[in-house]
Every structure is written in C-alpha cells, then in structure tokens.
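**Q** give me coordinates for this.
(chains A, B, C, D, E and F)
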There are 4 protein chains.
Amino acid sequence: MEKRNKPKYKQIIDAAVIVIAENGYHQSQVSKIAKQAGVADGTIYLYFENKEDILISVFQEKMGVFVDKLEQIIARDLNASTKLGLMIESHFDLLASDIHLAIVTQLELRQSNHELRTKINNVLREYLKLMDKILVQGMNNGELDKNMDIRLARQMVFGTMDETITTWVMNEHKYDLVDLAPKVQRLLLKGMQA
Amino acid sequence: MEKRNKPKYKQIIDAAVIVIAENGYHQSQVSKIAKQAGVADGTIYLYFENKEDILISVFQEKMGVFVDKLEQIIARDLNASTKLGLMIESHFDLLASDIHLAIVTQLELRQSNHELRTKINNVLREYLKLMDKILVQGMNNGELDKNMDIRLARQMVFGTMDETITTWVMNEHKYDLVDLAPKVQRLLLKGMQA
Amino acid sequence: MEKRNKPKYKQIIDAAVIVIAENGYHQSQVSKIAKQAGVADGTIYLYFENKEDILISVFQEKMGVFVDKLEQIIARDLNASTKLGLMIESHFDLLASDIHLAIVTQLELRQSNHELRTKINNVLREYLKLMDKILVQGMNNGELDKNMDIRLARQMVFGTMDETITTWVMNEHKYDLVDLAPKVQRLLLKGMQA
Amino acid sequence: MEKRNKPKYKQIIDAAVIVIAENGYHQSQVSKIAKQAGVADGTIYLYFENKEDILISVFQEKMGVFVDKLEQIIARDLNASTKLGLMIESHFDLLASDIHLAIVTQLELRQSNHELRTKINNVLREYLKLMDKILVQGMNNGELDKNMDIRLARQMVFGTMDETITTWVMNEHKYDLVDLAPKVQRLLLKGMQA
DNA sequence: GATGAATGAGAATTCATTCAT
DNA sequence: CATGAATGAATTCTCATTCAT
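**A** Residues are numbered from 1 along each chain as shown, chains lettered A, B, ... in the order given. All right, here's what the predicted structure looks like:
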C-alpha cells in the first residue's frame, strides 16, 4: 500500500493543518504536529522526508480536492460563464467550510521560504491550467472577449478570488464568503465579456 | 531632528531593501543589513526598535512614495477611468524601476509572520482608501456601476494588479510590466463600468 | 544448540564486518546490518543483547582465528625467532586476505567508545599473552636479551605490527603487506636479541 | 590580532581537553565545553567554525608543542642515537605532565570519524617527517643500519611509543612513563643499529 | 553617538530498541 | 522464531539584542 493511503499519513496531514492554523507557520514545530496527530515525533519521519515535505504534502493533498472539483465542473455540459461561477463558488465553499485550511493557505503557508513556495507554485499551476480551459472555452464560443490577454485575464480571476478570500480570512470570517461568489462572478465576467 | 530624517535612517532602510532582495527574507540578518549600510550592528538599534521595526519602516517609507503619487493623480481634474489608468501605470512604473523593491514587497516581505503582516496591512490600508476614492468618483459620475460592491471591486483592482506584478517578478521581469498597464486598466474598467 | 553456532549468528557477524567496512563505524546502523544479513531488525535482538554486543562478538569471533593460528605456531617445535616470524606472517596474512576485516579492526572499531574499547582490549589480552610466551621462550633459551623489559618488548612487537598494518590500510593496500613480514621480523628481532 | 592569539581561543581549547578527558569524546557536548571555558555556547562559534574545528584545533595547538620541542632537539649538535632518546623522553614527558592531554590524544580523539581523523593525520604527518630526519642522520653517519626500510623503522618507532603510552594511559598511569624512555630508546636503537 | 563582542534560547532529525502480530 | 512499525531522547548551531567601552 502506498504511504499516502495509510491512515497515519492523512492523520499527520490533518494534524499539520490544525497546528499551523492555530499556532502560525513559525510556531508549528514537528513535535507539535506529532502530538496533535497522536504519534511519536519519529513516526512523522516514517511518512515524510522532512518538515518541508509535510508542508508540501499538505498543499498537494488539499489542492487535490480543489482540482478534482474543478475537473468535474469543466467536464459538465455548461457554458463558460456558468462554469466560472461554479468554480468561484466551489473554491469559496471549500475554504469557507474548512477555516483552518483557509488560514493555512491564505496566510501561513505564504511565510514559507523561497524553495518551498516554488514547489507550492508548481502544484498550483495545475489548477491555473484548468482555469485557463474555462477562459478558452468562453473565448471560442463568443461568451468572452476573443482579443483579451488570457494570462492577464487569468491573473485577474485568480488575483480577485485570492484577494477576496484573504480579506475574508483577515477579517476573521465576519461575513459569509460564499455569498460573495455571485458578485465576484458578475464583476469578473463583465470585465472579460465579448 | 526626527530620527527618520537623519541620513543613517534612510541608509539603513535602503540597505535592508537590497539585502532582503538579494538574500531573501530569511537570510537577511541584522548584521548583514548593518554591513550593507556601513554601520555597526548596534547602531541599527539607535534608529530602530528591533528588526521588525526595520521591516515595517521599509514598507512605510516606500509605500509613502506610492501614496504621494496616487494623491497627486487624484487631485488632478480627470475622470475616474483615466485616474484608474494612471494609478495602475504609476504603481507598475514604481516597481518596474526598482526591481529590488518589487522583489521585497511581492515576495520576500510576505514571508514575514502574522503580526508583521498585520502591521504592513495597516500601512497598505491608506493606499487602498485612496483607491476607493477613485471608485467612488466613478460611481457618482456614472462612469462605473452604481450598484457594485465597492469592497469587492477594490479587491478585484488590487488583486489583479498584485497578481500581475507577482507573476512578472516570478518570471524574472522577462517582459515589460508597464506595457501591461493599459490592458489591465481596460479589463478592470470593463468589469466595473456602468 | 548454542546461539553462536546457529547460522544466523554468523550471518549477522559477517554482515556487520561488511557494513562497517563499507560505511564506517558511525554509519553502520543496526537496520543496515540487518538488511545486509537478510533478516529483520528485530531478529538481531534474538541473537545479540544490543548493538555493542554485535561489535564485541565480531571482534571475538574474528580474533579467535588469530588466537588459533598463534596457538598452532607456538605448539610447534621451533625456536622463538622463527615463531616470531611466523606469527607476524600469519597475522599479516589473515588481514591481507580479508580487507574488510582489516579496515574494521584497524580503523573503524577504534572509533568506538571507551567502554567498548575496554571490552575489546580484554579479548585482545589473550592474544598478547600468547605473544609473551614466544618472548619468554626466547629469553630462556638465549635467543633474546634476558634483561629486557618483557612488557616493553611486547609493546614494541605489537605496536610495530599494528602501526605497519594501519599504515597499509590507510594507503589503501597499494603494496603487499605480507611481503613486509620478514623485514619487520628482522627489525624486531635485532632489537630484542641477546 | 589573530583569533588564535586571543585569550578566549586558548581558554576554549584548554576547556575542550579537560571536558573530553573527563567525559569521553561522545559525551563532550559543545555546551559542556562552553561551560568549562566560562563562556556562552554562542561564543564558541565566534572562535571556531563548528565542533569539529574545535577538535582539530586542539590537536594542532597541542601537537605544535611536540613539533617545536622536536625541532629544537634536531637542531642540536648531537648524534642520532642521542636525539632519538631525547625525542622519546620529550614525547613521554609532555604527555606525562598533562594527563588530560594524554587521555585525549591516545584514547578519545581516536573515536572521531574518518574525516576528522584524516585531518588529524595531516597534522601528525609533520611530526613524523621530523622523526625521519633523525633516522636519516643516523643512517648517513653509520649509527643506524644503512639498508633498513626507513618507513618500517619509523612505524616501529612511532608504533612502539604509541603502544607504550596507550598502555600507560589505560593502566591509569600507575607507573612512571618517563622512566621507560631509556629502555624504549635502547630497544628501538638495537633494532635499527648498523 | 557608535561600536561589536558576547549572550543564550530554541528545534529538526536520527536510530537503538521494543513488542504486538 | 521472525517481523518491522513505532517510539522518544538527545544535541549542534543561529542570530536578535545588549551594554561596556
């Protein structure tokens, strides 16, 4: 059986998310994560190369869910505008329903060093490529402006979503994030429409 | 004389930007900054409370230039769309002409801890308030959609700019950032137009 | 059946010699020895008390061969000078024909801690006592100087052999060790002759 | 001023010798050495690169005294036999009068890893080269056997001295080491004489 | 004001050994 | 007999900050 399918693997990943969210990136010692996971410090190293490997794996595992959801949306027989709306809603929903994860991805994991962030960006790239598929569909069927710079558009979409979520997290989730999804969709769509 | 007007104050601030850009946030020890500034380690503490204070001061000093430029733009007798364009161009231009600063603000300073980032956000808030003024002007004179959520709109504007700059920095400035300004303006404007 | 006569006992001893010679004393983890021996980590502990016990046993088992050979030489009807020569030759030969063992005894096992080295010395003492027998025979029958300090003489004999072998091992066996035996014998004999 | 001439440098070196002699190589943590030296842990790192650097420096500094003494002996207008005797006496005397040092060089430092021992051997080589000078002098002026293998002879000399000292240290200095010097000289000389 | 030597708290990782299966 | 997953104690080195000069 693959390491990543063993129960302790997921146990440690989940513990890491909680510990990082509650203590902050720089106060998340391996021993704290082990304690939260209910295993010995050394056990961590049976499942992960080193501390960095835990953090990358956290991102990979969790981002995997985002990618899966997005792939399902893209596979459906819908127009690009609708898909864009569903993507935003799905993205917001996943983070709103796991506030620990939201804190970790929007605030804490960004404190990591250059090397780790590069690895995280590689994971993120897959998600951004799926995003591009929606934009391409929209540009091809006339929903979106054929002449727009697709990279710029994607940066607007991701940047807006990211900024919206980060602001929500920093405001300690005082308002409902998912409620904002339709407004964000409309704003972005208007900017990109043909 | 105010500390911040003494030559060594600025000397240390500038040294910090260079050191952080060249070595990365986590490899920017106080002793390195002191050496770059040409002063003794202890001298740093005659001008700054502690290391965090240097970093906040870096952000304040440099952000001050952005605020000044933006205030000048707002004071001019122009419509909101034009001001938005000028703001983007000015913002892009300031970072494109100081790559060290771009690296520091877009990548390195974000690795700081929660507390420091909160303080940085307080400095940023002033800039965002000025941004809002442009949006309000546009909503009042009919250029922009009266019914849009202004906070969301501002998040789109800032998020898009931020994402665009970060991508440019991570791509090691292979292309001209300022050239993108008009396209970004058009994209954002379309999204917010009445 | 005695533990030391079971096949896995010898299997583990031999694995230890190889692993230590190839990886060095401090890089010879129990798990590596187990892997080399083709048994599980835990199995080691069915045959040995602890890691130290493996190392002492390595020395005991291998030293046993040296002792046996030396006893055979002493039992023969030869004068002391000849026996000394045969001893040196036999000693050099045993190590020259098992380079792994030579590395382990001359270099690696000396990195062990005080306690282990004391135990190893106890094993070695038996060998040194046999050496003394040759010297006594020579002093009694007039071959060797009757008035020499026997302990000092033995230290010269063993020290010279040891230093010669260690130098040979550290020079990566570039020359033939056994070829040196007659010269060493002559040198030592001259020093001790009546 | 050179680091090695500052008082704290020597203070730490001397502390290291005491701590290693009293606690053993593997129980000589940096913090123990710092405490013995009366400085903070971090201070150690102002004078030494890392722990290994302390140990090499111990050997270099102390071996330097041996080399100096031997150079003085060699420079004198004496025959080789006398020089050999003086060398042995000087070597024994230096160790007998600093039992901590004797323990460290004969027992503890030999537990160091391959890399460190290689560096130590480089320091030792200088000493052995001086030893060779005495042997060459003796071979040239007819005191010593012209045909002997000089490397082998040196290995006998050094091996005998080393074995004698180690035995003395392991016997906890029950007898006077320097008293043995003339006997050792005689034994070695006889072996090498023309 | 300026210096820079000294401080000392804090954390990732390894590996011999155990014991439930 | 044999296994191998789990354990957890133990240690070097960095660097922000101080303070005597």
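**Q** OK, now which residue of chain A is nearest to chain C?
**A** Relative to chain C, the nearest point of chain A is residue A:46 (12.3 Å; Cβ to the nearest Cβ). (Glycine included, C-beta is placed from N, CA and C.)
**Q** check contacts around that residue.
**A** Residue A:46 makes contact with residue A:8, according to Cβ atoms under 8 Å, 6 or more residues apart in numbering or on different chains.
**Q** surely it is in a helix?
**A** Yes - looking at residue A:46 with DSSP: H, G, I helix; E, B strand; the rest coil, it is inside a helix.
**Q** any chance you could map the helices in chain A?
**A** For chain A, the helices defined by DSSP state H occupy A:7-23, A:30-37, A:41-47, A:51-75, A:80-96, A:99-103, A:114-140, A:150-170, A:177-192.
**Q** out of those, which is closest to residue D:175?
**A** Of all the helices of chain A, it is helix A:41-47 that lies closest to residue D:175, at 48.8 Å by Cβ to Cβ.
**Q** wait, does stretch A:101-110 contact DNA strand E?
**A** No - Stretch A:101-110 does not reach DNA strand E (Cβ under 7 Å from any atom of the strand); its nearest approach is 13.4 Å.
**Q** briefly note if the worst-scoring helix or strand of chain A on mean pLDDT comes near DNA strand E.
**A** Every helix and strand of chain A was ranked by mean pLDDT, DSSP states H and E. The lowest is helix A:114-140, at a mean of 91. No - residues of helix A:114-140 contacting DNA strand E under Cβ under 7 Å from any atom of the strand: none, with a closest distance of 11.9 Å.
**Q** any residue of that helix up close to DNA strand F?
**A** No - Helix A:114-140 lies out of reach of DNA strand F by Cβ under 7 Å from any atom of the strand, never closer than 14.0 Å.
**Q** packing partners for that helix?
**A** Contacting helix A:114-140 under the criterion 3 or more Cβ pairs under 8 Å, 6 or more residues apart in numbering or on different chains; DSSP states H and E are the following elements: helix A:51-75, helix A:80-96, helix A:150-170.
**Q** so how far is that helix off the chain centroid?
**A** Offset of helix A:114-140 from its chain centre (Cα atoms, centre = their mean, to the nearest Å): 11 Å.
**Q** what angle separates that helix from helix A:150-170?
**A** Orientation check (axes from the mean of the first three to the mean of the last three Cα atoms, to 10 degrees): helix A:114-140 against helix A:150-170 gives 120 degrees.
**Q** how about helix A:114-140: buried residues?
**A** Applying a neighbour-count criterion of 16 or more other Cβ atoms under 10 Å in any protein chain shown, one finds A:116-117, A:119-120, A:123-124, A:127, A:130-131, A:134-135, A:137-139 buried in helix A:114-140.
**Q** ok, now stretch A:80-98?
**A** Within stretch A:80-98, the residues that qualify as buried are A:80-81, A:83-92, A:94-96, A:98, counting by 16+ other Cβ under 10 Å.
**Q** ditto for stretch A:28-41
**A** For stretch A:28-41, a neighbour-count test (16+ other Cβ under 10 Å) marks A:28, A:30, A:32, A:33, A:34, A:36, A:37, A:39 as buried.
**Q** from those residues, pick the one nearest chain B.
**A** Of all these, the one with the least separation from chain B (Cβ to the nearest Cβ) is residue A:28, at 11.6 Å.
**Q** contact partners for the closest one?
**A** Contacts of residue A:28 by Cβ under 8 Å, 6+ apart are A:16, A:19, A:20, A:108.
**Q** low pLDDT regions in chain A?
**A** A:1 (pLDDT under 70).
**Q** tell me which residue lies nearest the centroid of it.
**A** residue A:63 (5.1 Å; Cα atoms, centre = their mean).
**Q** in contact with the closest residue to that residue other than its chain neighbours, which residues?
**A** Distances taken as Cβ to Cβ, 6 or more residues apart in numbering or on different chains place residue A:123 nearest to residue A:63, at 5.2 Å, with adjacent residues excluded. Applying Cβ under 8 Å, 6+ apart to residue A:123 gives the contacts A:56, A:59, A:60, A:63.
**Q** quick check: the second one vs residue C:118, distance?
**A** Here the distance between residue A:59 and residue C:118 works out to 53 Å (Cβ to Cβ, to the nearest Å).
**Q** and if you look at the last one?
**A** The spacing between residue A:63 and residue C:118, counted by Cβ to Cβ, is 57 Å.
**Q** what of the third one?
**A** The spacing between residue A:60 and residue C:118, counted by Cβ to Cβ, is 52 Å.
**Q** please verify my assumption that residue A:193 contacts residue B:190.
**A** Yes - in this structure, residue A:193 is within contact of residue B:190 by Cβ atoms under 8 Å, at 7.2 Å.
**Q** residue in chain A nearest to DNA strand F?
**A** Closest to DNA strand F within chain A is residue A:42: 1.7 Å, counting by Cβ to the nearest atom of the strand.
**Q** show me what from chain A comes close to DNA strand E.
**A** Residues of chain A lying close to DNA strand E (Cβ under 7 Å from any atom of the strand) are A:27, A:28, A:29, A:30, A:31, A:41, A:42, A:44, A:45, A:50, A:51, A:52.
**Q** excluding chain neighbours, what is closest to the fifth one?
**A** The shortest distance from residue A:31 to any non-neighbouring residue, by Cβ to Cβ, 6+ apart, is to residue A:41 (5.3 Å).
**Q** closest to residue C:182 out of the helices of chain A?
**A** Across these, the minimum distance to residue C:182, taken as Cβ to Cβ, is reached by helix A:41-47, at 54.8 Å.
**Q** buried residues, that closest one. List them.
**A** Neighbour-count burial for helix A:41-47 flags A:44, A:47 (criterion: 16+ other Cβ under 10 Å).
**Q** starting at the chain centroid, how far to that helix?
**A** Centroid displacement of helix A:41-47 relative to its chain, using Cα atoms, centre = their mean, is 26 Å.
**Q** export that helix as CSV, just CAs?
**A** Extracted in CSV, the C-alpha atoms of helix A:41-47 (Å, rounded to 0.1, in the frame of the first residue of the first chain):
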residue,chain,number,x,y,z
ASP,A,41,8.0,12.6,16.7
GLY,A,42,9.9,9.9,15.0
THR,A,43,6.8,8.4,13.3
ILE,A,44,6.5,11.6,11.3
TYR,A,45,9.7,10.6,9.5
LEU,A,46,8.4,7.2,8.5
TYR,A,47,5.9,9.0,6.3
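**Q** how far away is the residue of chain A closest to DNA strand F from residue A:8?
**A** Going from residue A:42 to residue A:8 by Cβ to Cβ gives 12 Å.
**Q** check residue A:123 too.
**A** Distance of residue A:123 to residue A:8, computed by Cβ to Cβ: 22 Å.
**Q** repeat that for residue A:39.
**A** 6 Å.
**Q** just give me the neighbour total for residue A:149.
**A** As a burial measure, residue A:149 scores 15 neighbours (other Cβ atoms under 10 Å in any protein chain shown).
**Q** if you skip the residues just before and after it, what's nearest to it?
**A** residue B:183 (5.5 Å).
**Q** that neighbour against residue A:151, yeah?
**A** No - with contact defined as Cβ under 8 Å, residue B:183 does not count as touching residue A:151 (10.1 Å).
**Q** flag every residue of chain A that's near DNA strand F.
**A** Contacts of chain A with DNA strand F, taken as Cβ under 7 Å from any atom of the strand, map to A:8, A:39, A:40, A:41, A:42, A:43, A:45, A:46.
**Q** now the two most distant members of these.
**A** By the measure Cβ to Cβ, A:8 and A:41 form the most distant pair in these, at 13.3 Å.
**Q** what's the closest residue to residue A:12 other than its chain neighbours in contact with, if anything?
**A** Excluding the flanking residues, the one nearest residue A:12 by Cβ to Cβ, 6+ apart is residue A:37, at 4.6 Å. Shown in contact with residue A:37 (Cβ under 8 Å, 6+ apart): A:8, A:11, A:12, A:14, A:15, A:16, A:44.
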